[in-house]
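Chemist: okay, predicted coordinates and the sequence, questions at the end:
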Amino acid sequence: MLGQPVSMLIPDVIGFKLTGKLKEGATATDLVLTCTQMLRKRGVVGKFVEYCGPGLDNLSLADRATIGNMAPEYGATCGFFPIDAETIRYLTFSGRDAARVKLVEEYAKAQGMWRDASTPDPVFTDMLQLDLGDVMPSLAGPKRPQDRVLLSDVSTSFDATMKETANITSPRASKVEGKGFDVNDGNVVIAAITSCTNTSNPTVLVAAGLVARKAVAKGLTSKPWVKTSLAPGSQVVTDYLDKAGLTADLDKLGFNLVGYGCTTCIGNSGPLDEPIANAVDAGDLVVSAVLSGNRNFEGRVHPQVKANYLASPPLVVAYALAGTMRLNLTKDPLGTGSDGQPVYLKDIWPTNQEIADTLKQALTQEMFKKRYGNVFQGPKEWQKIETTTGQTYKWNPGSTYVQNPPYFVGMPKQPGKLSDIVKARELAILGDSITTDHISPAGSIKRDGPSGEYLLEHQVRPNEFNSYGSRRGNHEVMMRGTFANIRLKNEMAPGTTGGVTKHQPSGDAMSIFDAAMRYKKDGVPLIVVGGKEYGTGSSRDWAAKGTVLLGVKAVIVESFERIHRSNLVGMGVLPLQFKDGATRQTLKLDGTETFDLTGIAGGIKPQMDVNCRITRANGKVDEIKLLCRIDTLDEVEYYRHGGILQYVLRQLAAA
């Protein structure tokens, strides 16, 4: 990043040996959800995962990419496959230059990186094994990618979720005004084939189209309360669905093309139909989304949807037909056909041979060449956008989308001396598995939150708020949205959700942003305290940027996810880890404490101990040691400069 080398501790490499072959009815999505569950259980944060074994011969490159792309979800630094004949086949078929393809093969062989059937397994730190024949149709949810649920168990699993979320054992109904039907707990209100690797995998996309074709032929339709959409990751998907004649069938079930790129998976599904949204709110229902993305974290997909499930594209179509999570799709009918007979999932599920035959006649090399031969030109609409030229960006002070961030305001030519962090207050005390979506949401902006109030003050109407993701060029919006996820629970403010905290020592309840600004005015440094797996999920840079702009100087947790820890260092925030069994619970932290973090002024060394003095409201003092999670000498330099941006700017100025 910014011309800097990536520094890291030398990682363990975990082998993942695959044998056998996927059986009928199992998809690459089922496989990746199985791998994700296994790897999260094993624990691979900060590790590499390399796949090996004879099962690789039965996986297409698209299947392998589906698995590799889930590395952030299973926590690894990366998940990768060796180069083999399938790699070369894909490069050739997708229109790569012949000389480049030849170079890839010859280089891999010369370096001993080529794999074939006779290649022995490499030596790994540890090894997991999976027979592909054991993979079963699955979903993952309701709020983490590693929480895999067998398709046959989804209905009973959802009932447990309903009990946990709403403390009910049977579903409630809420009338939909003017529609002639009710919405119930467990109803699927969003079914989205959305743009992650799943929607660039031809096998599962064609499978979805064939499910749609057979469903239409049987006379089935999507349930009227389900918002359906198709957002492929590539225009090639549209080409082969068109050629196979499957687009029309998907359209008939409401899976119309809405665009190319991140949609529902990152919170860009758009609003539910107003009568349905009103019914969900009126009944405070636990409704669901089923999507073919990688991430289903709390509050990410849609603010009104409390249960979100990852599934293969054909299962997304099936759940649109069923309209509820409270059916066992392996036994219960999806609906009634035009002949009056019940239609089951097995009646419309394509065979592997049907999928292969369709792909063979529908997907061609020319599609890749046509779509990617001029990919950087863009359509006419893109070419018509007016731009300015020059060495520096011309900021528009009236823009609510892009503003000049304050990272360099008051920055001296040379970094100052490091200092201890004294009399710091807790801005938030958080639990386990806090995701980067909890820290910096990407979805819709609430009207009555700090970001919504800012936009209203700048004459932006609520229907034009757009999303946090679309306004990430404006730090004023993003810092107000930091820790504003609607599902975030701050243990300093029990009984609340969303970005709420208690200012200390006043005890006043307020938004996290307002509290941070009040502390900033008073010159009080801040810390955030958390549990295990802090910062899971996507590499959301704003989760670190927003943290530092709120005045947070250190984050103290039980364990970090790799990317977020690195991003915190890159923004000049000190990542610290509890030691010796200490946690926020064993220390009985409630937010009324002050923290002194000492030993920093004497200089930072990778993974040194930092002294932590906790002073209670009653004057009682606890002293503990914390592990500094600045892991490398390069990171020491970034932190010393106040962040990687300041470090690079000073290097450029000195050149």
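Modeler: Sure, I can see it.
Chemist: pull the longest helix from this structure.
Modeler: helix 202-218 (DSSP state H).
Chemist: who does that helix touch, helix- and strand-wise?
Modeler: Secondary-structure packing of helix 202-218 (3 or more Cβ pairs under 8 Å, 6 or more residues apart in numbering; DSSP states H and E): helix 28-42, helix 61-68, helix 235-243, helix 247-252, helix 313-322, helix 345-348, helix 352-362. C-betas here are computed from N, CA, C, even on glycine.
Chemist: distance between the next helix or strand after that helix and the chain's centre?
Modeler: Counting by DSSP states H and E, the next helix or strand C-terminal to helix 202-218 is strand 227-230. Centroid displacement of strand 227-230 relative to its chain, using Cα atoms, centre = their mean, to the nearest Å, is 19 Å.
Chemist: of all the helices and strands packed on helix 202-218, which one comes closest to G180?
Modeler: Closest to G180 of those is helix 313-322 (Cβ to Cβ; 19.1 Å).
Chemist: now do the closest one against helix 352-362, angle only.
Modeler: 110 degrees (axes from the mean of the first three to the mean of the last three Cα atoms, to 10 degrees).
Chemist: now do the contacts for F48.
Modeler: Residues near F48 by Cβ atoms under 8 Å, 6 or more residues apart in numbering: P11, D12, V13, I14, A76, T77, C78, G79, F80.
Chemist: for V49, see how far away the nearest residue to it once chain neighbours are set aside is.
Modeler: The shortest distance from F48 to any non-neighbouring residue, by Cβ to Cβ, 6 or more residues apart in numbering, is to V13 (4.5 Å). Counting by Cβ to Cβ, to the nearest Å, the gap from V13 to V49 is 8 Å.
Chemist: assign a three-state SS to P120, would you?
Modeler: Using DSSP: H, G, I helix; E, B strand; the rest coil, the secondary structure recorded for P120 is coil.
Chemist: burial measure for it, as a count.
Modeler: Other residues lying near P120 total 7 when counted by other Cβ atoms under 10 Å.
Chemist: can you check F560 too?
Modeler: If you count neighbours by other Cβ under 10 Å, F560 ends up with 23.
Chemist: what pLDDT does it get?
Modeler: pLDDT for F560: 96.
Chemist: is it in a bridge, and if so with what?
Modeler: Listed by DSSP bridges, the beta-bridge partners for F560 are Y534.
Chemist: before we move on, back to that, single out the most deeply packed of the helices and strands packed on helix 202-218.
Modeler: Mean neighbour count (mean count of other Cβ atoms under 10 Å) peaks for helix 313-322 among the helices and strands packed on helix 202-218, with a mean of 29.
Chemist: pairing partners for the next helix or strand after it, with directions?
Modeler: Reading on from helix 313-322 to the C-terminus, the next helix or strand found by DSSP H and E is strand 335-336. Applying DSSP bridges, strand 335-336 is found paired with strand 342-343 (antiparallel).
Chemist: related to what we said a few turns ago, give me the more crowded residue out of V13 and V49.
Modeler: Neighbour tally, V13 and V49, criterion other Cβ under 10 Å: the higher count belongs to V49, 26 against 18.
Chemist: what's across from C78 in the sheet?
Modeler: F48.
Chemist: residues contacting it?
Modeler: With Cβ under 8 Å, 6+ apart, C78 has these contacts: F48, V49, G68, A71.
Chemist: list the contacts of the last one.
Modeler: Each residue near A71 by Cβ under 8 Å, 6+ apart is listed here: V49, T77, C78, G79.
Chemist: that's a helix at V648, yeah?
Modeler: Yes - according to three-state DSSP, V648 belongs to a helix.
Chemist: and the nearest residue to it once chain neighbours are set aside, how far is that from L645?
Modeler: Spatial nearest neighbour of V648, excluding adjacent residues (Cβ to Cβ, 6+ apart): L2 at 4.6 Å. Using Cβ to Cβ, L2 is found at 7 Å from L645.
Chemist: okay, now D121: neighbour count?
Modeler: Per other Cβ under 10 Å, the neighbour tally for D121 reads 12.
Chemist: just give the nearest non-adjacent residue to it, would you?
Modeler: Distances taken as Cβ to Cβ, 6+ apart put C52 closest to D121, at 5.1 Å, once the chain neighbours are dropped.
Chemist: in this structure the one you found contacts P122, no?
Modeler: Yes - C52 lies in contact with P122 (Cβ atoms under 8 Å); the separation is 6.5 Å.
Chemist: which one of these two has more residues nearby?
Modeler: C52 (20 against 12).
Chemist: picking up where we left off before, just the buried ones from the contacts of F48?
Modeler: Burial by neighbour count, 16 or more other Cβ atoms under 10 Å: within those this picks out P11, V13, I14, A76, T77, G79, F80.
Chemist: out of those residues, who's nearest A192?
Modeler: Of all these, A192 sits closest to G79, with 24.4 Å by Cβ to Cβ.
Chemist: residue contacts, that closest one?
Modeler: G79 neighbours (Cβ under 8 Å, 6+ apart): F16, F48, V49, E50, Y51, I67, G68, M70, A71.
Chemist: burial count for the first one?
Modeler: So the one you mean is F16. 26.
Chemist: the fifth one now?
Modeler: Neighbourhood size, Y51 [other Cβ under 10 Å]: 21.
Chemist: mind checking the SS state of it?
Modeler: Y51 - assigned by three-state DSSP - is strand.
Chemist: what distance do you get for it to Q577?
Modeler: Y51 is 30 Å from Q577, by Cβ to Cβ.
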